[in-house]
Every structure is written in C-alpha cells, then in structure tokens.
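Colleague: this one's sequence-less:
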C-alpha cells in the first residue's frame with residue numbers, strides 16, 4: 001500500500017501545484033478557472049432544466065421522454081468512457097516514458113498496475129463528469145427527489161466509471177498481447193474499427209427515431225409502450241438508469257437493490273479479472289512494447305508532404321514543419337485518431353441526412369435554415385474538440401528539445417506562426433466538409449449557405465489561433481505522453497474560451513440573419529433603420545475574429561519568450 005501511495009504521489013502533487021501554486025499568478029488562475037467552471041455548470045444546468053421542465057409539462061408521455069433521455073445520456077456516457085479508457089490505457093500502461101523507472105522500482109506489480117489503472121480513470125473520466133453532473137442535478141431540480149438520489153448518483157456513478165475503465169483496460173491488455181509490438185499500428189487500427197462498429201451499435205440501441213416519429217407506430221398506446229420498453233437491459237448504464245429513476249419518482253420498491261448489487265458486483269468482478277489478467281500478461285505486453293519497430297513504408301509520401309509544406313515558408317521553419325509532419329505520422333497513437341475523426345464526420349453527416357423534417361409542424365424551409373444556422377455552433381464545437389486534441393499540444397510536442405529552439409535564431413513569433421500555418425489547411429478542409437455538406441443535405445437557401453460558410457471560414461482562423469496561443473500560454477514540455485497535454489488546465493481553458501467565442505458569433509448574427517431571411521421569404525425589402533443594426537453586427541463578427549487571432553498569438557509569443 002505504501003508503494004501505491006508513492007506511485008500516485010507525483011500526479012497528486014502535480015495537480016496540487018497546478019491548482020494552488022505558490023505564486024499570486026497561480027492563485028488567480030485557479031480562481032479564474034473555478035469561476036468559469038461554475039458559469040459553465042450554471043449554463044448546462046439551466047438548459048437541461050428547461051428541457052426537462054418542458055418534458056414534464058407534456059401529458060402522458062412527458063415522464064417517459066425524461067426517462068428515455070436519462071437512459072440515452074447514461075448510455076452515451078458509458079460508451080464514451082469505455083472508448084476513452086481503451087485509448088488512454090494504451091498510453092498509461094505501455095507508452096509512458098516513466099514506466100521503465102516504475103518497473104525497475106521495488107514496487108509490486110499489483111500496486112504498479114493499480115496506480116496506472118487509477119491514472120487511466122482520472123485521465124479519461126473528468127470530461128464526462130464535468131458535462132454530466134449538471135444534467136444529473138437538473139433532474140434533481142425538476143423532480144425534487146430525496147437524499148437517496150444523491151447518494152445513489154455518487155456511488156453508482158463511481159461504480160459505472162470503474163466498470164467502463166475495467167472493460168477498456170482489459171481490452172487493451174488483451175490486444176497488446178495478441179499482436180507483436182512492431183504491429184502497434186494494427187492494434188490502433190483494430191481499436192478504431194471496433195469503435196466505429198460500436199458507435200453504430202450504440203446508435204441502434206438508442207433508436208432515437210422513435211422519439212420524433214410516432215407515426216411509425218399504429219397507435220398512441222403502441223408508441224408509449226415502445227418508449228417504456230428497456231433498450232439495453234444487460235448493460236450497467238441501464239441498471240444505473242433504473243435505480244436513479246426510481247429515486248427521482250419516489251419509487252423505492254422492488255428492483256432497486258438488485259440493480260445496485262448488479263452494478264457493484266460488476267465493478268468488483270471486472271477489477272478482480274483485471275488484476276488476475278495483469279499478473280498473467282501485463283509485464284509480457286510491456287516488454288513487447290519496448291522492442292524495436294520495423295521500418296515502415298510511406299517515406300516517399302512523407303517527403304512529398306513535407307516538401308509541399310516547406311515551399312511557401314523559409315528554411316528556418318522548413319525543418320520544424322518537416323519534423324512535425326514526420327513525428328505525427330510515425331506516432332501510431334496520433335495518426336490513427338484520424339480514423340476516429342473520419343467516423344465522427346460520417347456519423348455527423350448521417351444524422352443530418354435522416355432528420356424527419358417533413359413531419360415537423362413548422363414550415364420546412366424555415367426549419368431547414370434554422371437548423372443550418374444552429375449547426376454552426378455544433379460544427380464549431382467539433383472543430384474545437386479536434387483542435388484541443390491535435391493543435392493545442394503542438395507547442396508542448398517539442399518536449400525537452402524546446403531549449404534548442406529557444407537557443408536558435410528562430411524567433412518565438414515566427415515559430416508560433418509556422419505552427420499556425422501548418423494546421424490551418426486541414427482545419428479549413430474539415431470545417432468545409434461539416435458546414436457545406438450538411439447545408440447541402442438540408443437544402444438551405446443560398447443566403448444561409450453563404451452566411452454559414454463565410455462565418456465558419458472566419459471562425460476557423462480564431463479557433464486555430466486560440467489553440468496555438470493557449471498551448472503556448474500553458475505548455476507542458478515534460479509530459480509523459482502527449483495525450484495528457486490536452487486534458488490539462490490549459491486545455492480546459494481553451495475549450496471554455498472557444499465555446500464563448502462561438503456563442504458570441506452566433507449571438508451577433510442571429511438577429512441580422514433572421515431579418516434578412518424573413519425579408520427574402522416574404523419578398524419584402526428591409527427597412528433602412530434595420531441596416532444600421534445588421535451591418536454593425538457583421539462588422540462585429542469580423543472584428544471578433546481578428547481579435548481571436550491576434551490576441552492569443554501575441555500572448556502566446558510573449559509567454560514563450562519569457563519561458564525559462
């Protein structure tokens with residue numbers, strides 16, 4: 001037990017020093033982070049409460065919809081936790097640079113594995129907790145349950161995380177021992193394929209079309225019966241859902257104890273299975289991961305990519321861009337995530353292709369354009385999530401070689417703008433796919449196509465600049481694995497500021513776009529005084545994007561120049 005505490009202490013002390021710090025600047029940063037986090041939770045809580053309040057006001061099926069939504073939320077969270085733990089476990093158990101030191105220490109294998117298991121839970125679960133807790137509290141606010149709900153939420157939520165972590169870690173250990181270390185790429189590709197298939201199954205489990213297409217049923221009673229039917233009775237998320245729902249509705253009868261025992265027995269069982277499996281195969285898998293890798297093909301393609309990227313830039317940035325591209329494609333944990341991104345884009349576009357717009361009581365042309373406008377916020381969130389994973393760690397990825405850059409003639413400003421130029425083209429391409437393709441599926445008007453495309457084109461410049469800037473403001477050159485960089489304080493701050501940035505853009509454009517669209521729909525002209533509101537709004541969007549590019553890059557440059 002003493003060795004376990006020692007193995008966990010570096011992470012605990014690191015978190016304490018990051019949050020508390022000894023300097024005044026560190027304390028201000030902590031208070032600022034807490035304040036923004038509280039604002040975000042209040043926003044999520046308000047939105048969730050509004051939706052649940054609306055559901056509760058609907059007679060007969062209101063509670064059924066709320067129950068079904070709770071099941072969907074917990075199933076999605078559980079699925080995300082499993083996949084996140086699979087990816088994170090590969091880094092924490094096999095690829096971290098401090099593992100050689102840990103394995104050479106007197107620590108017992110069980111304690112070492114358990115410490116890495118706890119690391120994996122911490123790295124993979126914090127985002128789901130941040131997004132999920134306001135939703136769960138909104139249920140409590142609307143349904144006013146007793147204290148038993150909060151106790152059940154705490155201990156069952158923890159058990160659900162342990163089950164997801166156990167499944168992810170066990171799956172990773174088995175794969176690493178099935179495949180030789182030289183074929184780590186195949187492991188990640190198999191994980192990606194598994195994720196795509198599981199995503200499809202998850203969407204089929206949810207069957208969301210039942211909530212928006214009651215006409216698919218022969219009668220209202222059949223529709224209600226379908227909503228009552230459990231979707232996934234053998235998953236831990238279902239057991240947690242049923243237990244929490246009974247506390248929300250004040251029904252503490254039969255089934256509650258059984259569901260609690262099922263969740264906790266699953267958590268204990270998966271932990272025991274993981275410990276047995278680790279004793280048998282973990283060290284052998286770690287030894288395989290230390291073997292030299294075979295040289296892979298594709299060198300000519302990398303040469304072509306680096307040559308293309310180097311042409312418009314000077315020789316000083318050429319070597320950095322060359323290194324950046326090669327390091328990205330040599331690291332299987334990095335480039336393989338492009339497959340996951342591809343799956344995300346496919347699912348994203350598919351969701352828009354199956355929207356039952358023709359069944360809405362709202363005129364279809366209004367609904368199409370309204371969804372297209374709101375889609376800018378959703379697409380912006382996807383771009384921000386991609387950016388925090390790939391662009392935010394760009395500065396920290398220099399690692400311990402950063403001192404070479406600082407001692408070279410290359411200025412910090414040119415270094416950051418070189419990174420910026422490298423990541424802009426793929427982000428512009430991704431934004432174009434998300435916006436233009438969805439708008440074509442929705443068959444929006446030319447006005448909405450132009451507004452959405454132009455807005456997202458400008459917003460990408462700000463999203464990428466904030467990713468580079470925040471990465472320079474909060475660098476971590478001593479990371480154990482690059483995946484940890486995006487989950488740091490700076491990564492959270494970046495996600496919060498990009499969300500605020502996108503919300504302001506949509507807020508500035510909402511009124512003007514509505515006025516112009518309604519004028520076109522009615523075939524009338526826009527009053528002169530309205531143009532004095534429309535033009536400043538669009539100018540404000542342009543100015544905001546300019547500030548979002550200039551300010552983070554300037555602050556990042558100053559931070560890099562002052563870094564010691």
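Modeller: Nice, thanks for sending it over. The structure displayed is predicted, hence computed values, not measured ones.

Colleague: residues contacting the spatially most central residue of the chain?
Modeller: In the chain, the C-alpha nearest the mean C-alpha coordinate belongs to residue 385, at 5.2 Å (CA atoms, centre = their mean). Applying CB atoms under 8 Å, 6 or more residues apart in numbering, we find residue 385 in contact with residue 495. In short, each C-beta sits where N, CA and C put it, glycine included.

Colleague: Would you mind naming the helix or strand containing it?
Modeller: Here residue 385, judged by DSSP states H and E, is contained in helix 364-390.

Colleague: Report the buried residues of that helix.
Modeller: Judged by neighbour count using 16 or more other CB atoms under 10 Å, the buried positions of helix 364-390 are 367-373, 375-376, 378-380, 382-390.

Colleague: now stretch 87-99
Modeller: Neighbour-count burial for stretch 87-99 flags 87, 88, 89, 90, 91, 92, 93, 94, 95, 96, 99 (criterion: 16+ other CB under 10 Å).

Colleague: And stretch 2-9, by the same measure?
Modeller: Residues 3, 4, 7, 8 are the ones in stretch 2-9 that count as buried (16+ other CB under 10 Å).

Colleague: How about stretch 144-157?
Modeller: If you call a residue buried by 16+ other CB under 10 Å, then stretch 144-157 has these buried ones: 145, 149, 152, 153, 156, 157.

Colleague: Thought residue 244 was touching the fourth one, still the case?
Modeller: Yes - A contact is recorded between residue 153 and residue 244 when judged using CB atoms under 8 Å, the distance being 6.4 Å.

Colleague: Mutual contacts of the two, please.
Modeller: Applying CB under 8 Å, 6+ apart, one finds that residue 153 and residue 244 are jointly contacted by residue 136.

Colleague: Can you give me the neighbour number for residue 328?
Modeller: Neighbour count of residue 328, defined by other CB atoms under 10 Å: 17.

Colleague: Same check on residue 450?
Modeller: Neighbour count for residue 450, taken as other CB under 10 Å: 12.

Colleague: can you tell me which residues contact it?
Modeller: With contact set as CB under 8 Å, 6+ apart, residue 450 has no partners.

Colleague: Ok, residue 245 next?
Modeller: Residue 245 sits next to 67, 70 when contact means CB under 8 Å, 6+ apart.

Colleague: Check it and give its pLDDT.
Modeller: The model reports residue 245 with a pLDDT of 90.

Colleague: The nearest residue to residue 498 once chain neighbours are set aside and residue 99, how far apart?
Modeller: Closest residue to residue 498 apart from its sequence neighbours, by CB to CB, 6 or more residues apart in numbering: residue 384 at 4.2 Å. Using CB to CB, to the nearest Å, we find residue 384 at a distance of 31 Å from residue 99.

Colleague: same thing with residue 153?
Modeller: Here residue 153 is placed at a distance of 35 Å from residue 99 (CB to CB).

Colleague: Equivalent analysis for residue 150, please.
Modeller: Taken as CB to CB, the span from residue 150 to residue 99 is 38 Å.

Colleague: Please apply the same query to residue 392.
Modeller: From residue 392 to residue 99 the distance is 25 Å (CB to CB).

Colleague: so where is the stretch 451-564 of the chain shaky, pLDDT-wise?
Modeller: Filtered on pLDDT under 70, the stretch 451-564 of the chain yields the residue ranges 480-481, 483, 564.

Colleague: Just name the closest of the buried residues of stretch 2-9 to residue 54, please.
Modeller: Distance to residue 54, by CB to CB, is smallest for residue 8 among the buried residues of stretch 2-9, at 44.5 Å.

Colleague: The closest one: helix or strand, and which one exactly?
Modeller: Residue 8 is part of helix 2-19, with elements assigned from DSSP H and E.

Colleague: Show me the contact partners of that helix.
Modeller: Residues contacting helix 2-19 (CB under 8 Å, 6+ apart): 26, 30, 33, 102, 105-108, 111-112, 114-115, 118-119, 122, 488-489.

Colleague: Show me what the helix or strand following it is packed against.
Modeller: Where DSSP H and E defines the elements, the next helix or strand beyond helix 2-19 is helix 24-57. Under the contact criterion of 3 or more CB pairs under 8 Å, 6 or more residues apart in numbering; DSSP states H and E, helix 24-57 touches helix 2-19, helix 62-90, helix 109-143, helix 489-522.

Colleague: just so I know, which of those helices lies nearest residue 46?
Modeller: Of all the helices and strands packed on helix 24-57, helix 109-143 sits nearest to residue 46, with 8.3 Å by CB to CB.

Colleague: Helix 24-57 and the closest one, what's the angle between them?
Modeller: Orientation check (axes from the mean of the first three to the mean of the last three CA atoms, to 10 degrees): helix 109-143 against helix 24-57 gives 50 degrees.

Colleague: which strands and helices sit next to helix 109-143?
Modeller: With 3+ CB pairs under 8 Å, 6+ apart as the test, helix 109-143 has helix 2-19, helix 24-57, helix 62-90, helix 99-103, helix 147-178, helix 236-248, helix 256-277 packed against it.

Colleague: Deepest-packed of those, please.
Modeller: Among the helices and strands packed on helix 109-143, ranked by average contacts under mean count of other CB atoms under 10 Å, first place goes to helix 236-248 (a mean of 23).

Colleague: quick one: it to chain centroid distance?
Modeller: 25 Å (CA atoms, centre = their mean, to the nearest Å).

Colleague: just stretch 263-283 next, same as before
Modeller: Distance of stretch 263-283 from its chain centroid, counting by CA atoms, centre = their mean, is 27 Å.

Colleague: residues making contact with it?
Modeller: Here stretch 263-283 makes contact (CB under 8 Å, 6+ apart) with 93, 103, 109-110, 113-114, 117, 155-156, 159-160, 162-163, 166-167, 169-170, 173-174, 177, 236, 239-240, 243.

Colleague: quick check: domain ranges of this protein?
Modeller: What automatic domain parsing lists as the domains of the chain is 30-291, 313-564.

Colleague: how about residue 400, what does it touch?
Modeller: The contact partners of residue 400, by CB under 8 Å, 6+ apart, come to 477, 478.

Colleague: Which residues outside the helix or strand encompassing residue 403 are in contact with it?
Modeller: If you go by DSSP H and E, residue 403 is part of helix 402-406. Here helix 402-406 makes contact (CB under 8 Å, 6+ apart) with 320, 398, 412, 415, 475, 477, 560, 563.

Colleague: so residue 70 makes contact with residue 139?
Modeller: Yes - in terms of CB under 8 Å, residue 70 counts as a neighbour of residue 139; the distance is 6.7 Å.

Colleague: Find the residues that touch each one of those two.
Modeller: residue 244.

Colleague: which residues does the residue lying closest to residue 391 once chain neighbours are set aside contact?
Modeller: Nearest residue to residue 391, sequence neighbours excluded (CB to CB, 6+ apart): residue 467, at 3.6 Å. Taking CB under 8 Å, 6+ apart, we find residue 467 in contact with 387, 388, 391, 392, 394, 423, 494.

Colleague: let's see 7 Å
Modeller: Contacts for residue 467 were tallied using CB atoms under 7 Å, 6 or more residues apart in numbering; they are 387, 388, 391, 392, 494.

Colleague: what angle do whichever strand or helix holds it and helix 489-522 make?
Modeller: Per DSSP H and E, residue 467 falls inside helix 446-473. For helix 446-473 against helix 489-522, the angle by the same axes, to 10 degrees is 170 degrees.
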